[in-house]
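Colleague: Next come a sequence and a model predicted from it.
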Amino acid sequence: MIEQTNEVVRRINRLADREVLPEAQALIPRMGRLPGVNGKAKMSKSQGNATPLAATPDEISAAISQMFTDPNHVRASDPGRVEGNAVFSYLDAFDDEQGAVAALKDRYRRGGLGDSLVKKRLNDVPQALLTPIRERRRVFWRRILVTCWAL
């Protein structure tokens, strides 16, 4: 898609005889695809293992509480695996405090850290990230409703 877009951009720039549009560049995130909340495959709405941006705080909390962790990590005192643990994948992707995440990983691997505490930390991250988005969305919807009501 990027190359097709750039072909269109080059043609427009050539027709305009100047650079009207810049060529598209690939944005590659530091994290690859995130696993679904069930820990399988990629996140997918059709598979029911995704959380939409429009999700309410309660919906996000519910999805996180059901997230796949390490099935062998039965008690908090048991050592756990971080690799393949969907909760840590999401923390890696979205938590800005990577030093704290690394400390959590070490503690989880050694044992002494329960899944519920890791999930609580993860829950705080998207809630903080999505709060301003929810507010902007609420403002836009009010404007739309007021505009439609005025018609």
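Modeller: Good, I have the coordinates.
Colleague: how about the strands in this protein?
Modeller: Counting by DSSP state E, the chain has no strands to list.
Colleague: Show the low-confidence segments of it, by residue range.
Modeller: Within the chain, the ranges that satisfy pLDDT under 70 run 151.
Colleague: distance from the centroid: which residue in it tops it?
Modeller: residue 17 (41.0 Å; C-alpha atoms, centre = their mean).
Colleague: Tell me how far it lies from residue 11.
Modeller: With distances taken as C-beta to C-beta, to the nearest Å, residue 17 is found 12 Å from residue 11. The C-beta positions use only the backbone N, C-alpha and C, and glycine is treated the same way.
Colleague: just residue 35 next, same as before
Modeller: Distance from residue 35 to residue 11, by C-beta to C-beta: 39 Å.
Colleague: Residue 123: neighbour count?
Modeller: Neighbour count of residue 123, defined by other C-beta atoms under 10 Å: 19.
Colleague: My guess is it contacts residue 59. True?
Modeller: No - contact criterion C-beta atoms under 8 Å: residue 123 and residue 59 do not qualify, at 11.5 Å.
Colleague: how far out from the middle of the chain is stretch 78-85?
Modeller: In this view, stretch 78-85 has its centroid 20 Å away from the chain centroid, taken as C-alpha atoms, centre = their mean, to the nearest Å.
Colleague: what residues does that stretch touch?
Modeller: 39, 68-70, 72-73, 88, 105, 108-111, 113, 115 (C-beta atoms under 8 Å, 6 or more residues apart in numbering).
Colleague: out of those residues, who's nearest residue 128?
Modeller: Within the contacts of stretch 78-85, proximity to residue 128 (C-beta to C-beta) peaks at residue 88, which comes in at 18.2 Å.
Colleague: Tally up the residues packed near the closest one, please.
Modeller: 22.
Colleague: ok, now which ones touch residue 73?
Modeller: Neighbours of residue 73 in contact, by C-beta under 8 Å, 6+ apart: 79, 80, 81, 108, 115.
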